[in-house]
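**Q** Fold the following for me, if possible:
(one chain, ligands or ions: 1)
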Amino acid sequence: MNNNNMQKRQELLQKRAEAGLVSERFPNVSAMEIKMVYFQRTMYSDSDKLLMLRTVKVAPDSHAYFHMQCMTKICESSYNLKRTINGMVKNKKKKASGKISCSGKGEGLKANHACVEYEITVRYNNKRKKA
Ligand SMILES: [Zn+2]
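**A** Okay, the predicted model is just below:
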């Protein structure tokens with residue numbers, strides 16, 4: 001790993017730590033599952049190509065950090081699911097889905113170079129725990 005990557009890794013760890021744990025942020029959540037389908041456009045084509053499927057399982061002791069890195073090599077941007085998840089938990093919603101386009105800009109990056117379709121499932125504790 002070069003210095004640049006190391007620094008990025010450090011920053012990510014820092015951000016995750018600052019985000020706190022799911023059990024602190026969302027005490028009534030017992031589990032979450034974030035299913036994502038990554039699509040990408042190449043330089044050679046204007047249609048979205050399926051890149052990968054990814055499922056992230058979130059437990060109460062996971063970090064409440066919901067920025068999913070764009071999988072495009074030169075892109076530094078990420079998909080932010082934080083607002084969606086905050087909204088779901090606030091309204092005790094169990095399922096939500098949608099699509100986000102990457103907003104990353106830069107040399108060699110197309111405006112719509114990548115997007116994800118997500119489906120989020122949240123499970124809640126039935127019992128109210130007293131702190
Ligand atoms: Zn991107």
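**Q** Let's verify Asn86: helix, strand, or coil?
**A** State at Asn86, reduced to three classes by DSSP: H, G, I helix; E, B strand; the rest coil: helix.
**Q** so where do the strands sit in the chain?
**A** 29-40, 49-58, 67-69, 78-80, 95-101, 114-124 (DSSP state E).
**Q** so can I have a markdown table of the ones you listed showing mean pLDDT and mean neighbour count?
**A** Where C-beta positions appear, they are placed from N, C-alpha and C, glycine not excepted. A markdown table is the format used below for these (pLDDT from 0 to 100; neighbours: other Cβ atoms under 10 Å):
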| stretch | mean pLDDT | mean neighbour count |
| --- | --- | --- |
| strand 29-40 | 97 | 18 |
| strand 49-58 | 95 | 13 |
| strand 67-69 | 93 | 16 |
| strand 78-80 | 95 | 18 |
| strand 95-101 | 97 | 13 |
| strand 114-124 | 97 | 18 |
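**Q** Format these as JSON lines; extra columns: distance to the ion.
**A** Output for these, formatted as JSON lines (distance: least, Cβ to the ion, whole Å):
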{"stretch": "strand 29-40", "distance to the ion": "9"}
{"stretch": "strand 49-58", "distance to the ion": "11"}
{"stretch": "strand 67-69", "distance to the ion": "9"}
{"stretch": "strand 78-80", "distance to the ion": "8"}
{"stretch": "strand 95-101", "distance to the ion": "9"}
{"stretch": "strand 114-124", "distance to the ion": "5"}
